[in-house]
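Peer 1: Need coordinates for the below:
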Amino acid sequence: MTIQHTLHPSARATVRVAALALLLATALASTAQVPPAPPATARATPAASAFLTLYPGIDSTREAERVRAYRAANAALKARGPIDVARLVRGELPPDTPGLGPVIRVTEDWVRYQNARVDPENPLRHDRAAARAAGHADILAYPTFGAHDDTFMVPYPPAARDTLLVSDLNHVVTNLRPIHPGDTLYLVADERELIDLTPSAGSIYRSVAINTRGSVYNQRGEKVNEVVFRVTESVKLYRDPADAPRNPGFFDMWEAPDWQSRPAHVYTDADWERIKTVWRQEQRRGAMPRYWEDVQIGERPTPTLDGPILASVSPVPPWGMGAGGSRTLKREILAQDRTLIRGRQDGIWRLPKRSDYVATPPPQPAGAGALPPMPDAGAITTTDIHRDGERRSPLVNYMGRDIAIRHLGNWMGDHGWLQQIGWSIMDPRGHAARGKPVPANPAAVRYLERVPALKGRYVSEHGLTQDVALVQSEVVGKRVVDGAFLVELVWWIETIDGHIWEEGGALVRLPSKRSS
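Peer 2: Here you go, the predicted structure:
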């Protein structure tokens, strides 16, 4: 696809032909995270009759041994009980201890790399003196820095399915202590629940909800995070195993709604005026305390906006925030940077060099832990879903979460503490609307139900490259627990057209006038 460009109106200098050629080549470079391209000759979709009919609580012959082992591993995790934290941080636990995950070295270059992409204007994340003046030991890493989802979300046995349909990602991270450069994080799964949601009448889909709880500790043995990761998987098995592809590729087994059927938005001058208005109105509370007593239920923090997003973050273990992803060009666009180039087909402003808005990740730290090997062959790599390329493609779930954390930080200020962040994508109703009905996880949280003005609305879309992330929120509750003054918020992310592609909740601890 050929992309035409025009220079920013403020640029009046004559541009040489060679420079234009370079700019065009750069613009045509990879600007989005996408799945690998489907094969030129796609395999015909098998009829429903080609698959086994499955029933709740009754394992097929192919499932039986593998699911029995999966349940046994979950039982061993429960039987382990609380982890011996002292031995964990000393490296004395046997490597086959149930639930052990990777060890993450929190290096300053990785903290600054992540912070620069998602929260570039917050001095607590960039200025050591400002962070220490606010009472912190060093600059703050994102609270989700080490909450690596795939460490905890062990899938239904890959060898017990031929196709996979994922829905209802519904997660929570509770933040108990700050994370700083120089810390070492130890990831531990604590409990995993498998709920069979397959209809009693039988279905070609075995639908299961997998709910995992876990913990993240630092080198001092202090618990930094408590995590809950929930996912629903709907799998199918061929009636005749010989019908399955002999060497299945990603698209032979991956099933998903056609999220890309939503047309890409072409950004007009009016859209850019709206975007710039949001940016100009964004407010960082900063050092001025926001007191608990001054917060009213029903109030709405000032919206924030990121994007248009040109590249998704990619799930790269063991990082809780992945790697890659484009940053928002707010500074350059508001300043009318003369080097900006506007795509005539999509209306999006870009810088000439892709590396100027999709930074190269730092090297992996020495000794950075990798994920333990999967127990079965055939496990997918989630990076495949968000692989770098040029086609419009899905955004990884936690990219929206981390954008929302910036929004919440703006509101709560330097004296607030984000005690808990929850987020959710791929509501089952969105799947059903695109012809892929799936059951709902009974443990999943539907955050938008707490916002009266959003009654009946839900996450109907998947975030895609070229979307903006317009973050809005509302205060839905206040309470005092053990002397902590807490505010509950619901947040959601919309496209420029008003489609909701992510929802979540937050619990924020604020200072009180009673103790000031």
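
Peer 1: which secondary element of the chain has the worst mean pLDDT?
Peer 2: None of the helices or strands of the chain scores lower by mean pLDDT, DSSP states H and E than helix 17-27, at a mean of 28.

Peer 1: Hmm, Gln420 is touching Leu176, no?
Peer 2: No: judged on Cβ atoms under 8 Å, Gln420 makes no contact with Leu176 at a distance of 9.8 Å. All C-beta atoms are positioned from the backbone trio N, CA, C, and that covers glycine.

Peer 1: show me the contacts for Ala116.
Peer 2: Counting by Cβ atoms under 8 Å, 6 or more residues apart in numbering, Ala116 makes contact with 126, 327, 359.

Peer 1: What strand or helix carries it?
Peer 2: When elements are assigned from DSSP states H and E, Ala116 belongs to helix 108-118.

Peer 1: Could you give me the buried positions within that helix?
Peer 2: Using 16 or more other Cβ atoms under 10 Å as the test for burial, helix 108-118 gives 110-115, 117-118.

Peer 1: Show the average pLDDT along it.
Peer 2: Helix 108-118 shows a mean pLDDT of 97.

Peer 1: Buried ones in the helix or strand just after it, by neighbour count?
Peer 2: Note on helix 108-118: by DSSP H and E, the next helix or strand toward the C-terminus is helix 128-133. Buried residues in helix 128-133, counting neighbours by 16+ other Cβ under 10 Å, are found at 128, 130-131.

Peer 1: What is the subsequent helix or strand relative to helix 128-133?
Peer 2: Assigned by DSSP H and E, the successor of helix 128-133 is helix 149-152.

Peer 1: Please save the CA atoms from that next one in PDB.
Peer 2: C-alpha atoms of helix 149-152 as PDB (Å, rounded to 0.1, in the frame of the first residue of the first chain):
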ATOM      1  CA  ASP A 149       0.400 -11.900  32.800                       C
ATOM      2  CA  ASP A 150       1.700 -15.000  31.000                       C
ATOM      3  CA  THR A 151       3.700 -16.100  34.000                       C
ATOM      4  CA  PHE A 152       0.400 -16.500  35.900                       C
END
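
Peer 1: so what does that helix touch, helix or strand wise?
Peer 2: strand 100-105, strand 184-196, strand 206-217, strand 223-236 (3 or more Cβ pairs under 8 Å, 6 or more residues apart in numbering; DSSP states H and E).

Peer 1: how about a cut-off of 10 Å?
Peer 2: Counting contacts by 3 or more Cβ pairs under 10 Å, 6 or more residues apart in numbering; DSSP states H and E, helix 149-152 packs against strand 100-105, strand 163-175, strand 184-196, strand 206-217, strand 223-236.

Peer 1: Can you list the strands that the fourth one pairs with?
Peer 2: Spelled out, that is strand 206-217. strand 184-196 (antiparallel), strand 223-236 (antiparallel) (DSSP bridges).

Peer 1: what separates that strand from the chain centre, distance-wise?
Peer 2: Its chain's C-alpha centre and that of strand 206-217 lie 16 Å apart, by Cα atoms, centre = their mean, to the nearest Å.

Peer 1: ok, back up a step: common neighbours of Gln420 and Leu176, please.
Peer 2: Common contacts of Gln420 and Leu176 (Cβ atoms under 10 Å, 6 or more residues apart in numbering): 143, 225-226.

Peer 1: can those go into JSON lines with extra columns for pLDDT?
Peer 2: Formatted as JSON lines, the shared contacts of Gln420 and Leu176 follow (pLDDT from 0 to 100):
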{"residue": "Pro143", "pLDDT": "96"}
{"residue": "Asn225", "pLDDT": "98"}
{"residue": "Glu226", "pLDDT": "98"}
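
Peer 1: Show me which of the residues you listed is closest to Val481.
Peer 2: Glu226 (15.3 Å; Cβ to Cβ).

Peer 1: Can you give me the pLDDT of the nearest residue in space to the closest one that is not next to it in sequence?
Peer 2: Spatial nearest neighbour of Glu226, excluding adjacent residues (Cβ to Cβ, 6 or more residues apart in numbering): Thr174 at 4.2 Å. pLDDT recorded at Thr174 is 98.
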